[in-house]
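# With the sequence up front, the predicted model follows.
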Amino acid sequence: MKQTTASNLALLLAPAGWVLCFIGVASQMGDPNPDIPVATLKAERLTQMLLFYLGVLIVFSALWASGYSFSAAKRRAVIAALMCVAPVIALAVGDFIF
């Protein structure tokens with residue numbers, strides 16, 4: 001894969017990974033309906049965890065692709081790396097302040 005293609009791919013993968021992570025976590029919030037069978041709840045939880053872990057894998061892949069493409073496309077690689085790391089830093093700073 002060319003390094004410029006990897007930098008463009010990293011720019012696409014980073015937001016997609018964070019969206020999958022958010023969907024995986026946000027769908028687990030709240031109490032389930034007590035009328036739903038336990039097997040259905042377990043299947044939904046497995047799907048939600050799979051989305052979360054897939055999102056984490058995609059974010060790490062975007063981070064790798066930005067590192068791989070740094071020598072050819074520095075600006076795009078740095079932007080992609082910031083897109084991968086900025087939400088984690090924002091959550092840490094927000095947790096520290098509040």
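Nice, thanks for sending it over. Numbering: from 1, shown residues only.
# alpha carbons only for contacts and neighbour counts from here, please
OK.
# now the helices for the protein?
3-26, 38-68, 74-97 (DSSP state H).
# And those: which comes nearest Pro32?
Between Pro32 and those, the tightest spacing by CA to CA is seen for helix 38-68, at 7.9 Å.
# Buried residues of the closest one, list them for me.
By neighbour count on 16 or more other CA atoms under 10 Å, the buried set for helix 38-68 is 48-49, 51-56, 58-68.
# What helices and strands are in contact with that helix?
Applying 3 or more CA pairs under 8 Å, 6 or more residues apart in numbering; DSSP states H and E, one finds that helix 38-68 makes contact with helix 3-26, helix 74-97.
# out of those, deepest packed?
helix 3-26 (a mean of 20; mean count of other CA atoms under 10 Å).
# From the contact counts, what lies against that one?
helix 38-68, helix 74-97.
# And those, which one averages the lowest pLDDT?
Note on these: lowest mean pLDDT is at helix 74-97, with a mean of 92.
# In CSV, list the helices and strands packed on helix 3-26 along with distance to Met29.
What follows is these, written out as CSV (distance: least, CA to CA, whole Å):
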stretch, distance to Met29
helix 38-68, 11
helix 74-97, 18
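# between those, which one is nearest to Ile23?
helix 38-68 (7.3 Å).
# How far away from the center of its chain is the closest one?
Centroid separation for helix 38-68 versus its chain: 8 Å, with CA atoms, centre = their mean, to the nearest Å.
# With stretch 34-42 instead?
Centre to centre, stretch against its chain (CA atoms, centre = their mean), the figure for stretch 34-42 is 27 Å.
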